[in-house]
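Q: Quick one, what's the 3D model for this:
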Amino acid sequence: MARSENKTAPLAPRLYLLLPPLAGHAEAEAERLAALLRDVAAATDLAAVLIRPGEAGAGELRGLVAAAQEAGAACLIDGNAALAAATGADGVHATGLTALKGALAAVRPDGIAGVSDLKNKHDAMSAGESGADYVMFGEADAQGRRPPFDTTCERVQWWAEIFQTPCVAYARTLEEVDALVAAGADFIAVDTLLLDDTADAARALAGRLVPAGAG
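A: A predicted model of the protein is given here:
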């Protein structure tokens with residue numbers, strides 16, 4: 001997950017798929033999610049997949065990690081570096097600056113460590129200075145709450161204009177995808193947008209992942 005150094009032409013943002021937490025029968029749920037991400041990868045430029053393990057262990061998750069990687073996507077585990085190592089995942093997604101420090105220590109030098117729950121611009125800059133591989137803006141918390149969307153767009157535009165660390169921006173609707181692409185996001189993160197009618201939604205999403213001014 002990296003940003004191109006080529007400033008002459010904008011590149012299309014890529015997709016970051018946030019899978020729902022595994023619940024119930026973890027093995028069957030992992031198989032269902034593996035099929036879902038294959039459908040998404042067939043229709044879009046899928047760059048990364050975030051697995052939220054819930055109570056699932058390494059045994060239930062290895063197949064899901066492999067499915068993401070076979071689709072050409074980096075696979076990250078939410079908040080659990082030990083589980084990332086045990087499943088062969090590519091890295092860890094951290095929530096907040098304190099968790100980022102632990103994630104960076106666990107995955108370096110070869111793994112990916114990204115971060116969300118950045119409360120303000122200072123937190124975002126601190127994450128970049130610490131060596132985060134990406135910063136994420138606008139994501140929902142465990143209760144589904146998220147910052148005002150206008151704030152997310154402003155934060156993405158500010159970051160994209162100044163910093164080299166890639167920026168991931170969370171969208172719930174296709175209209176939000178349009179706005180975040182225009183703001184300069186490097187990656188668009190989605191979850192609920194692709195959980196129903198996955199193939200059709202993925203095709204609609206793919207048509208929107210074009211850089212501002214292209215076409």
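
Q: and Leu209, how many neighbours does it have?
A: By other Cβ atoms under 10 Å, 19 other residues sit near Leu209. (Each C-beta comes from the backbone N, C-alpha and C, glycine too.)

Q: where does it land in three-state SS?
A: Three-state assignment for Leu209 (DSSP: H, G, I helix; E, B strand; the rest coil): coil.

Q: And it, how far from Val115?
A: Distance of Leu209 to Val115, given as Cβ to Cβ, to the nearest Å: 23 Å.

Q: what do you get for Gly72?
A: 23 Å.

Q: And the two? Which one has more around it.
A: The neighbour comparison of Gly72 against Val115 (other Cβ under 10 Å) goes to Val115, with 28 against 10.

Q: contacting residues around that one?
A: Applying Cβ atoms under 8 Å, 6 or more residues apart in numbering to Val115 gives the contacts 93-97, 99-100, 103, 127, 132, 134-136.

Q: can you do 10 Å?
A: Counting by Cβ atoms under 10 Å, 6 or more residues apart in numbering, Val115 touches 92-97, 99-101, 103-104, 123-124, 126-128, 130, 132-136, 168.

Q: would it count as being in a strand?
A: Yes. Applying three-state DSSP, one finds Val115 inside a strand.

Q: Bridged to it, which residues?
A: Val115 has these beta-bridge partners by DSSP bridges: Ala94, Val135.

Q: Local confidence estimate at it?
A: Val115 carries a pLDDT value of 99.

Q: Ala199 now?
A: 80.

Q: from the middle of its chain, how far away would the longest helix belonging to the chain be?
A: Ranked by residue count, the top helix of the chain under DSSP state H comes out as helix 26-43. Computed by Cα atoms, centre = their mean, to the nearest Å, the chain-centroid distance of helix 26-43 equals 16 Å.

Q: Next: stretch 26-46.
A: On the basis of Cα atoms, centre = their mean, stretch 26-46 sits 15 Å off its chain's mean C-alpha point.

Q: ok, now stretch 65-76?
A: For stretch 65-76, the distance to the chain centre is 13 Å (Cα atoms, centre = their mean).

Q: again with stretch 49-59
A: Counting by Cα atoms, centre = their mean, stretch 49-59 comes out at 15 Å from the chain centroid.

Q: hey, C-alpha coordinates of that stretch in CSV?
A: C-alpha atoms of stretch 49-59 as CSV (Å, rounded to 0.1, in the frame of the first residue of the first chain):
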residue,chain,number,x,y,z
VAL,A,49,-8.6,-6.5,3.0
LEU,A,50,-9.0,-6.0,6.7
ILE,A,51,-10.1,-9.0,8.7
ARG,A,52,-11.9,-8.3,12.0
PRO,A,53,-11.4,-11.7,13.7
GLY,A,54,-13.9,-11.5,16.5
GLU,A,55,-13.5,-14.7,18.4
ALA,A,56,-12.0,-16.6,15.5
GLY,A,57,-8.6,-18.2,15.8
ALA,A,58,-5.8,-18.7,13.4
GLY,A,59,-7.2,-22.0,12.2
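
Q: Before I go, just wanted to say thanks for your time.
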